[in-house]
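Asks: predicted structure and sequence below. I'll ask about it afterward.
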Number of protein chains: 2
Amino acid sequence: MTVPEELRVRAGAGTRDYPVLLGAGARLSLGGVTADWAPSVRRWAVVTDDRVGPLYVEEVEAGIQATVPSGPRVIIPEGEGEKTRARWGWVTDRLLESGLGRDGGIIALGGGVVGDLAGFVGATYMRGIPVVQVPTSLLAMIDASVGGKTGVDTPAGKNLVGAFHPPAAVVVDPEVIGSLPVAQRRYGLAEALKHGAILDAAYGQEIADSAPALLAAEPGPLLRVVRRSVQLKSRVVSQDEKEAGLREILNFGHTVAHALEHASDYSIPHGAAVAMGMVWEARIGEGEGVTRPGTSERLAEWLAAVGLPTDPPVVDRERFVKGLGRDKKVRSGMPRLVLLDRCGQVAPSSDGSWARAVPVERIVARGPWS
Amino acid sequence: MTVPEELRVRAGAGTRDYPVLLGAGARLSLGGVTADWAPSVRRWAVVTDDRVGPLYVEEVEAGIQATVPSGPRVIIPEGEGEKTRARWGWVTDRLLESGLGRDGGIIALGGGVVGDLAGFVGATYMRGIPVVQVPTSLLAMIDASVGGKTGVDTPAGKNLVGAFHPPAAVVVDPEVIGSLPVAQRRYGLAEALKHGAILDAAYGQEIADSAPALLAAEPGPLLRVVRRSVQLKSRVVSQDEKEAGLREILNFGHTVAHALEHASDYSIPHGAAVAMGMVWEARIGEGEGVTRPGTSERLAEWLAAVGLPTDPPVVDRERFVKGLGRDKKVRSGMPRLVLLDRCGQVAPSSDGSWARAVPVERIVARGPWS
């Protein structure tokens, strides 16, 4: 196994850098990572779920034990429905029972749910202990690597309770991606293609061109995608400290996507909704005269190459409009959209921000009802 | 009403300064405070309990409304038993129901329980919103003003779940202290006398000399105590960033106090246990030849002057020893005590730290059984 490649990431103003370590087989060498990046930790707990846990937890613990004892193993049921305060309390209690102290740490081994939940446990366990993220889905590798967001859902909505708790380190091992369904990989690629759409057209094209290898879960091409997306996203987040609001461009496609999810009662998976939302918002941009003609078509080609949907189903129009209104970026009743100039470039708004108000009817007009 | 006096406090390395605003009647001018120290907040929720809430919540809300709308009012039952995850979730849900958003803030109006609980709600509400602490007990004024610690208890122990979330500001109004029972004031004075014992003998003597005025809840003398204790404690906390471990001196009296509380099944109130623990630990220091003879006697005089107990009741010896072992400062089986050189001065240990290992039998030997 080769030494993992290291990217440095910053979660935001006033926080420390942390490393994202990328390498095929990196999951096997957690001991070195924890010794380097969280040397004060005397005992590591592993939090995982019952889908990926059985596949990797023993290898991961064996790696840790090369350096310090691994402590309790806490396994939650797989699924979005587990991202709750109740499950957070339950995991916390299992760690307390095990005697894990202030000198303990948490390895979060799993997809987005495990990362967000175990991250929030770590953020609040005895007022915060180190967390090493070992994401196992492509989306979690890109998402969990940059930002430091942790949290759980409540009946009132998603991610309403949580904390910023940047990881001590993130370990990205593309070998684990192959064990998850190909649909999950596609949703991760939707996020990566978004980075291409707003920041780097060549990257978007590269993803489309290497779609067969990516869908076949070849570690090399997957690693290139995670590396590039982490670089692009972390650049946006760190520039946002100086250029307030730049982060907003990461919402491209998401205003429509959230409304679609809402209107479909969340039967459309998030990754698919983002894919359709990006094409829809690109068409809106073309209609507004902001986005160059042909942009939505090129974007749709990229998405289709990796097997993502680009044309939304007809959903209830009223519920869709209601979903637009729920978006947190709504100001004075008008949704605010990030519009492209062309593939790889966002069009800044005349007021210097990165999103612009678009009347609801002009959003609806580009939908499947017309 | 005069303009409140401002002290600047830092909760720890890598965090921003915040102001502690002291003044008789300061509770009435929250609008100015929030505008100055949390200008981005568009709506303030007040979290309080059913003991102090009815006395002050309307005045506090009226003050806020001078600047921005006050939002929901959330009232919890009074008592230590309310510092739970369940109550934290309940308060969070009330705020979510009210529509309080990312641009909201929380006023924590109450004693230690309200401050810790509402602080933790603020730390985790949409990944953190500003909290202004308005402590109503003397102990909370001193404790909540410095440190930024928030959290709740679990069945496994106190304060095991929480977060660092320094307040946007702390507003100390000595006028509110008079409405609480005198016993509570005494427990606050135990904490203040601890600051005298470890850092400033003249301050300890001043408290003893002005005991009648303090117990009568005269705002002027109370304000002097809060001011001086906040100054002393914040100096320790900020020096701790350079001189790791200095913070430990704040544990003076607490090792024995925790064991006493444990052995009495928490029937001894914390403030009383700290008072007895300080005298006991001073006697240990004298026995070890570390503390000047007469120190424990002088300390006992200060404590007696404000009506605090100095001689512990006989508790179960085995449970006391067990309680000593539970202390988080135990290393290789020996409790670590902070010992005084004399009143106003801690004796550094030969290894450069501020606590030293003392065998259990020598601790027990100074207890009420001998």
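Replies: Great, that's in hand.

Asks: so where is the stretch 101-250 of chain A shaky, pLDDT-wise?
Replies: A:241-242 (pLDDT under 70).

Asks: which parts of it are helices?
Replies: A:112-124, A:138-145, A:182-199, A:201-209, A:211-215, A:219-240 (DSSP state H, counting those that start in this stretch).

Asks: ok now do the residue of the stretch 151-300 of chain A found nearest chain B, which residues does it touch?
Replies: Closest approach between the stretch 151-300 of chain A and chain B, counting by CB to the nearest CB: A:A156, at 4.2 Å. Every C-beta, even on glycine, is put in place using the N, C-alpha and C of the backbone. By CB atoms under 8 Å, 6 or more residues apart in numbering or on different chains, the contact set of A:A156 is B:D93, B:L96, B:E97.

Asks: the second one and chain A: what is the separation?
Replies: This means B:L96. 4 Å (CB to the nearest CB, to the nearest Å).

Asks: any idea how far B:V74 is from that residue?
Replies: Separation of B:L96 from B:V74 (CB to CB, to the nearest Å) stands at 11 Å.

Asks: between these two, which is the more surrounded one?
Replies: B:V74 (23 against 19; other CB atoms under 10 Å in any protein chain shown).

Asks: one step back: would you format the helices of the stretch 101-250 of chain A as JSON lines with mean neighbour count and distance to B:V171 included?
Replies: Converted to JSON lines, these look like this (neighbours: other CB atoms under 10 Å in any protein chain shown; distance: least, CB to CB, whole Å):
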{"stretch": "helix A:112-124", "mean neighbour count": "27", "distance to B:V171": "26"}
{"stretch": "helix A:138-145", "mean neighbour count": "26", "distance to B:V171": "39"}
{"stretch": "helix A:182-199", "mean neighbour count": "24", "distance to B:V171": "44"}
{"stretch": "helix A:201-209", "mean neighbour count": "19", "distance to B:V171": "51"}
{"stretch": "helix A:211-215", "mean neighbour count": "17", "distance to B:V171": "56"}
{"stretch": "helix A:219-240", "mean neighbour count": "20", "distance to B:V171": "32"}
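
Asks: redo the ones you listed as a markdown table? Include distance to chain B.
Replies: Converted to a markdown table, the helices of the stretch 101-250 of chain A look like this (distance: least, CB to the nearest CB, whole Å):
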| stretch | distance to chain B |
| --- | --- |
| helix A:112-124 | 5 |
| helix A:138-145 | 15 |
| helix A:182-199 | 20 |
| helix A:201-209 | 29 |
| helix A:211-215 | 32 |
| helix A:219-240 | 14 |
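
Asks: format the ones you listed as CSV; extra columns: distance to B:S70.
Replies: Below are those laid out as CSV (distance: least, CB to CB, whole Å):
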stretch, distance to B:S70
helix A:112-124, 28
helix A:138-145, 37
helix A:182-199, 40
helix A:201-209, 48
helix A:211-215, 53
helix A:219-240, 31
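
Asks: among those helices, which is nearest B:I129?
Replies: Nearest to B:I129, of all the helices of the stretch 101-250 of chain A, is helix A:112-124, at 15.4 Å by CB to CB.

Asks: and the closest one, what does it pack against?
Replies: When contacts are defined as 3 or more CB pairs under 8 Å, 6 or more residues apart in numbering or on different chains; DSSP states H and E, helix A:112-124 sits against strand A:43-49, helix A:85-97, strand A:104-110, strand A:131-135, helix A:138-145, strand A:149-154, strand A:157-164, strand B:157-164.

Asks: tell me if the longest one is near chain B.
Replies: By that I understand helix A:85-97. Yes. Judged by CB under 8 Å from any CB of the partner chain, helix A:85-97 comes into contact with chain B at A:R85, A:G89, A:T92, A:D93, A:L96, A:E97.

Asks: just the buried ones out of those, please.
Replies: A:R85, A:G89, A:T92, A:D93, A:L96 (16 or more other CB atoms under 10 Å in any protein chain shown).

Asks: distance check, the residue most central in space within chain A against A:W90.
Replies: When CA atoms, centre = their mean is applied to chain A, the residue found nearest the centroid is A:D143 (2.5 Å). Separation of A:D143 from A:W90 (CB to CB): 24 Å.

Asks: and the angle for the helix or strand containing A:E297 with helix A:201-209?
Replies: Taking DSSP states H and E as the criterion, A:E297 maps to helix A:295-305. Computed with axes from the mean of the first three to the mean of the last three CA atoms, to 10 degrees, the direction of helix A:295-305 lies at 40 degrees from that of helix A:201-209.

Asks: mind listing what's buried in the next helix or strand after helix A:295-305?
Replies: Beyond helix A:295-305 on the C-terminal side, the first helix or strand identified by DSSP H and E is helix A:317-326. Going by neighbour count (16+ other CB under 10 Å), the buried part of helix A:317-326 is A:F320, A:V321, A:G323, A:L324.

Asks: B:P335: which of those is nearest?
Replies: Nearest member of these to B:P335, counting by CB to CB, is A:G323, at 59.4 Å.

Asks: which residues touch the closest one?
Replies: A:H258, A:A259, A:L260, A:E261, A:H262, A:A263.

Asks: so which of the residues you listed wins on neighbours?
Replies: A:A259 leads these on contacts (other CB under 10 Å) with 29 neighbours.

Asks: so what's that residue up against?
Replies: A:A259 touches A:F320, A:V321, A:G323, A:L324, A:R326, A:D327, counting by CB under 8 Å, 6+ apart.

Asks: go with 7 Å
Replies: A:F320, A:G323, A:L324 (CB atoms under 7 Å, 6 or more residues apart in numbering or on different chains).

Asks: columns pLDDT and distance to A:L337 on top of the residues you listed, output as a markdown table?
Replies: Below are those laid out as a markdown table (pLDDT from 0 to 100; distance: CB to CB, whole Å):
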| residue | pLDDT | distance to A:L337 |
| --- | --- | --- |
| A:F320 | 95 | 15 |
| A:G323 | 89 | 14 |
| A:L324 | 89 | 10 |
